[in-house]
Structure formats: structure tokens, C-alpha cells
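Student: using only what follows, build the 3D model:
(one chain, ligands or ions: 1)
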Amino acid sequence: MVVGRLEQALVALVQGTRGCFVSPKMRVMRYPSMGIGVQATDAISAGETVLVASRELWHDVSASGARAAAKAEAPAFLDRVDTYCQKNTRMADAVVLATHLVMKDTADPYVATLPPQIDVPMYWSERRLDELRHTDVLDTINDARTFYRNMYGHLFGAQPIVSPAEFQWALTVLMSRATSGAHQPFTLIPYFEWFNHSSLAYSMARGACHHEYVEKDDAFVVTATQDHAPGEQLFINYGAHTQSTYLRHYGFASMAHATTLDPIQIKCRVAITDDVTDPTLTREKVSWLTAKGLPLAKDVPLTIHIEHLDKHPLEWEWLRVHVATREELMHRQRHGQWDASNQRRVWAWLAAYCEARLARYRTSAEEDYDLLRSDEAPLEAWRASCVHVRLGEKMILKSLLDVNAQIQRAPV
Ligand SMILES: C[S@@+](CC[C@H](N)C(=O)[O-])C[C@H]1O[C@@H](n2cnc3c(N)ncnc32)[C@H](O)[C@@H]1O
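Tutor: Below you'll find the model as predicted:
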């Protein structure tokens, strides 16, 4: 389906901007399942540059452009944001740019083409979110909602220059459309952001394009990495995000899209003093942890990265103390390392946690697979994304159970 007048006007504006290039061999189209996208109208060869977006095009909707405007017009607001966000400069930039975007004239040719609603979980009803019941991602979504509400109250409560809904909308626009890579400007980019995502765009698949920020030209460049036949959609890859990030930021997720696995978080509160069976041992553990400067209770989630099991050594050390027998603790104190029996014990503890988590989901992994495979009742896109995300979590929990089984089987 062809796009409307506003999009056509923006294409003309990009074409006419100094330093920009839009290949005459492509056009902007509306696709039923993913909104606007970019389509080849003529054959495009691998290696051809299809889009150059110069600074002149995007600087006004970049974080640095928004900061420059805020510095001139609302320096006190800028200070308030920087103080609130402290070291989280990306968050501060997002707040300043989001505010700038809302304050822009709605008749601005770029702003006029932005979607008024963005279908991401932040806006989902409880009925939809129920598909994610007992998943880590649901907690993340709820935490983010609270975080943004509090941030809005703090930054705009006394002076509501933007409404909560406008602020939320603009942040969602940034999450789903702005560049996010390190060593490049944090910015929205007219036209560039019409490219949809394909997980295959990193490989040399059909439809694939590569995009990069070219520092010497201060420009974003999209290049075809494969030949495109007329009618084919041109895709880029949105990056190595977890499934949870794909769902939260872009509103879609599948196992294929995620190139990194979601970590799993252990959220139960455990305290060394919970075990009252052997008060002497508990006291020994308390003094060992105190001497090491480690806390006596854990209520901060322990994040387990299946691909980096040793990423949080102190958290593991704490759990090892938690499950240790007297002999194991003595072995650790004398030899500076843990006995293999403690390794098995801590993994058994973790496996029990994983089993309990798996039992809480409303569906089993097998049922999720069946739902995704069903030809009779294909799932709506949002529901399929939820199933993919919860299945991904289950796969990680199951992988941890496999690791545990290997550890328990290993010869002593
Ligand atoms: C940067 S925008 C791309 C342009 C967008 N389609 C539009 O209509 O403006 C990102 C959004 O496009 C959609 N999208 C991109 N790639 C997709 C895909 N592979 N499957 C489903 N939706 C996709 C999602 O709604 C996502 O939040």
C-alpha cells in the first residue's frame, strides 16, 4: 500500500536536504504486518548505498540538538534533568530529547509522520500483559512504568510543560526509533527510521542492508549487502538485543530476532540467618561474610547469564556460603577455594529455584511450542511475541537444569 501525503512530503524534504542521498530505486510503502517500510522499485545491487542521512537532516531531533535548544531556552530544566539522572547520561539525553520532541510544532514535516500510538507493552492492557504472567519481562515492564511515572512527577510535577501521556509517547518513540549504538550520535533520523528489522540482515540474506554512522562525514549511511529484486523490502538489523528488549522497545519479539539470550533473575530473598537448624554454623557464616564485607541477606535479584555463568562472582560466593556445610566452609577458609561438594550443593539449590519458576508459568514449554506451530489458529502478532519471550525464559531455566544435571553426574 502506498503511503500518504505526509510521508511523501518528508521523502521530498530528505531528498532536498544538503548532504543527503535517497536512492531513486526505492520507495516507502505500508506493509500490513509491520507498518511503514522501504521497498526496492528497481534492482539494487549488493554494495550500493541506498541512503545517506547528513547531520543537517537529523541534528534538530538529536540529543545534542535538543540539549543546545534547552540550554538556550530552559537552562534550569536541563540542570534538573542532569541532576535527576546523575551518571545515566543516556537517560538524561532521552528525557531532554523527548521533551524537545513534544514541544515541537505538530505541523513539522517530520513530527507529522510519527505514529500517534506505538504498540509496545508499556501501553498494553492487563489482558495482554497476562500472557506474560510470572515472566521476568513483566516485572521489567511494571518497574519501567513506575520509574517513568516517578521521573515525570519529579521533573514536571511542579511545571507540567508536557503531559504524562506526551512524555511517555516521546520516550516510546525514542526507544523504538532512535539510534542507540555507542560512539554515534543519539538521534532520531527521518527516513532512516522507516527501515524495518530483520534478524537476517547481519547475514548476507536477501533483503539485507547494513547501516553505520560515518564519523568523518557525520552521517548515517545504509548500504545494501545483497542484491534486491524490484518489490523486495529492504531491512536493517536493529542490533544484538535480548528478546525482552525487542518486545519492550519495538513491540515484537521472536527467538530468531534475539541474538543474545535473556539473563534470568533470582528474585527470592534469602538470608544467612534463615537456617536455624545449626546456630553455631550460622554464626560462623555470619562472621565469614562480615569479614568479607558481604551482606547477610540477599534481596537484590541475582542475575544469571547462561552464557556468562561467572559474571557475578560475589553473588555466587554468597550463595555458596549460604548452602555450605561446616566442612565446606572450613575447606573454603583453609584452602581459599570451594570443595566440589559445595559446587554440587549450590547448583542443586539453583536447580530447585529453576524448577519452582518453571512450575509457576501458566503454560509449559511444550504447550508454547504447540501454540506457535498451530496452523489452525495462528496467533496474533503480539501474542506470538509474548509466547516467544516466555518460551525463551523457560529455555534458559531448562538449560540451567541441564548444567545442574551434568554437575551432579560428574565424578567426585
Ligand atoms: C524504526 S520503526 C520502523 C518503521 C515502522 N514500521 C513505521 O511504521 O514507522 C520500528 C517499528 O517498526 C515495526 N517493525 C520493524 N521491524 C519489524 C518486524 N520485523 N516485525 C514486526 N514489526 C516490525 C515495529 O512496530 C517497530 O516498533
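
Student: domain ranges for the protein?
Tutor: Domain assignment for the chain, taken from the TED database, gives 5-58+189-250, 60-187, 264-409.

Student: which of those sits closest to Ala256?
Tutor: When the domains of the chain are ranked by proximity to Ala256, the top entry is domain 5-58+189-250, at 4.7 Å, counting by Cβ to Cβ. All C-beta spots, glycine's among them, are computed from the backbone N, C-alpha and C.

Student: for the record, mean pLDDT for the closest one?
Tutor: Computed over domain 5-58+189-250, the mean pLDDT rounds to 92.

Student: that domain and the ligand in contact?
Tutor: Yes. Judged by Cβ under 6 Å from any ligand atom, domain 5-58+189-250 comes into contact with the ligand at 34-37, 193-194, 196-197, 250.

Student: including neighbour count and secondary structure, could those residues go into TSV?
Tutor: Formatted as TSV, the residues of domain 5-58+189-250 next to the ligand follow (neighbours: other Cβ atoms under 10 Å; DSSP: H, G, I helix; E, B strand; the rest coil):
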residue	neighbour count	secondary structure
Met34	15	coil
Gly35	13	strand
Ile36	18	strand
Gly37	18	strand
Glu193	22	helix
Trp194	21	helix
Asn196	21	strand
His197	18	strand
Tyr250	21	helix
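
Student: between these, which sits nearest Ser341?
Tutor: Minimum distance to Ser341 across those is 45.9 Å, recorded for Tyr250 (Cβ to Cβ).

Student: ok, and the closest non-adjacent residue to the closest one?
Tutor: Nearest non-adjacent residue to Tyr250, counting by Cβ to Cβ, 6 or more residues apart in numbering: Ser176, 5.2 Å away.

Student: got the CA coordinates for stretch 373-388 in PDB?
Tutor: Extracted as PDB, the C-alpha positions of stretch 373-388 are listed here (Å, rounded to 0.1, in the frame of the first residue of the first chain):
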ATOM      1  CA  ARG A 373       3.200 -24.100  15.500                       C
ATOM      2  CA  SER A 374      -0.600 -24.200  15.300                       C
ATOM      3  CA  ASP A 375      -1.800 -23.700  11.700                       C
ATOM      4  CA  GLU A 376      -5.400 -23.900  12.700                       C
ATOM      5  CA  ALA A 377      -5.400 -21.000  15.000                       C
ATOM      6  CA  PRO A 378      -2.400 -18.700  14.100                       C
ATOM      7  CA  LEU A 379      -1.600 -16.300  16.900                       C
ATOM      8  CA  GLU A 380      -1.900 -12.600  16.600                       C
ATOM      9  CA  ALA A 381       1.500 -10.900  16.300                       C
ATOM     10  CA  TRP A 382       1.500  -9.500  19.900                       C
ATOM     11  CA  ARG A 383       0.500 -12.900  21.400                       C
ATOM     12  CA  ALA A 384       3.100 -14.800  19.400                       C
ATOM     13  CA  SER A 385       5.700 -12.300  20.700                       C
ATOM     14  CA  CYS A 386       4.700 -13.000  24.300                       C
ATOM     15  CA  VAL A 387       4.900 -16.700  23.700                       C
ATOM     16  CA  HIS A 388       8.400 -16.400  22.200                       C
END
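
Student: quick check: buried residues in it?
Tutor: 382, 384-388 (16 or more other Cβ atoms under 10 Å).

Student: return the member of the residues of domain 5-58+189-250 next to the ligand nearest to the ligand.
Tutor: Nearest to the ligand, judged by Cβ to the nearest ligand atom, of the residues of domain 5-58+189-250 next to the ligand is Gly35 at 2.6 Å.

Student: list the beta-bridge partners for that closest one.
Tutor: Tyr31 (DSSP bridges).

Student: that one contacts Leu114, correct?
Tutor: No. Between Gly35 and Leu114 there is no contact under Cβ atoms under 8 Å: 11.6 Å.

Student: how about the residues of this structure near the ligand?
Tutor: Counting by Cβ under 6 Å from any ligand atom, the chain sits next to the ligand at 34-37, 115, 176-177, 193-194, 196-197, 250-252.

Student: all strands of this structure, in order?
Tutor: Along the chain, the stretches classed as strands by DSSP state E are 21-22, 26-31, 35-40, 49-54, 196-197, 209-214, 219-224, 233-236, 264-266, 270-271, 297-298, 302-304.

Student: let's have the ones you listed in TSV, adding distance to Ser125.
Tutor: Formatted as TSV, the strands of the chain follow (distance: least, Cβ to Cβ, whole Å):
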stretch	distance to Ser125
strand 21-22	39
strand 26-31	25
strand 35-40	20
strand 49-54	36
strand 196-197	25
strand 209-214	34
strand 219-224	36
strand 233-236	30
strand 264-266	25
strand 270-271	35
strand 297-298	34
strand 302-304	29
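
Student: what number of residues lie near Asp60?
Tutor: 18 (other Cβ atoms under 10 Å).

Student: now do the contacts for Arg67.
Tutor: Neighbour list for Arg67: 78, 93, 96 [criterion: Cβ atoms under 8 Å, 6 or more residues apart in numbering].

Student: I figured Arg30 hits Thr113, correct?
Tutor: No. In terms of Cβ under 8 Å, Arg30 does not count as a neighbour of Thr113; the distance is 12.0 Å.

Student: who has more neighbours, those two?
Tutor: Thr113 (21 against 13).

Student: what residues are up against that one?
Tutor: Here Thr113 is in contact with 6-7, 10, 190 (Cβ under 8 Å, 6+ apart).

Student: next: Leu350.
Tutor: 266, 304, 319, 400, 404.
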